[in-house]
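*Asks:* based on what follows, work out the 3D shape:
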Amino acid sequence: TPGYGDSPPAKTVATAQGRVAFLDHVLQQLGMLRPVLISPSMSGRFALPFLLAHRDQLAGFVAVAPVGTKDFTAEQYQQVQTPTLILYGDRDTVLARQALRNLQHVPGHRVAVVANAGHACYLDEPQGFHRALLGFL
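*Replies:* Residues are numbered from 1 along each chain as shown. Sure thing, here's the model as predicted:
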């Protein structure tokens with residue numbers, strides 16, 4: 001992700017609009033038509049604004065305790081018609097609860113909790129994570 005980890009700072013993704021444009025460009029370059037977007041942790045800064053701006057381009061959305069859920073209103077989330085799975089580890093006591101509290105406004109969402117897993121539930125309990133993900137897909 002540009003501007004995170006060891007990647008150099010990127011002015012193009014300094015705003016939500018820039019992050020939406022970046023993700024849109026990536027999906028276009030990959031030739032992806034109506035993908036299911038999986039958004040763990042920091043990727044929420046990219047995925048959530050994209051979901052709200054281009055929800056018609058997604059076949060599904062999987063929120064894995066993403067950051068940034070508090071940046072949007074219940075009314076904005078209520079406009080999302082994309083099938084959504086809210087997924088988190090039961091030991092993630094901060095971001096998971098915040099994401100659930102905010103994303104619960106997405107109509108028809110589903111929730112899956114991975115037992116014995118923390119914030120990176122896909123690393124802590126990959127079998128439980130995959131089971132929940134495949135059940136949604």
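
*Asks:* show me what secondary structure element comes after the helix or strand of the chain with the lowest mean pLDDT.
*Replies:* Ranking every helix and strand in the chain by mean pLDDT, DSSP states H and E puts helix 16-29 at the bottom, with a mean of 89. Per DSSP states H and E, the first helix or strand lying C-terminal to helix 16-29 is strand 36-40.

*Asks:* what packs against the helix or strand that comes right after that next one?
*Replies:* Next helix or strand after strand 36-40 toward the C-terminus (DSSP H and E): helix 44-54. Applying 3 or more Cβ pairs under 8 Å, 6 or more residues apart in numbering; DSSP states H and E, one finds that helix 44-54 makes contact with helix 16-29, strand 36-40, strand 60-64. To be clear about C-beta, it is placed using only N, CA and C from the backbone, and glycine gets the same treatment.

*Asks:* now distance to Gly135 too, for the ones you listed, in JSON lines please.
*Replies:* Shown next, in JSON lines, are those (distance: least, Cβ to Cβ, whole Å):
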{"stretch": "helix 16-29", "distance to Gly135": "24"}
{"stretch": "strand 36-40", "distance to Gly135": "13"}
{"stretch": "strand 60-64", "distance to Gly135": "11"}
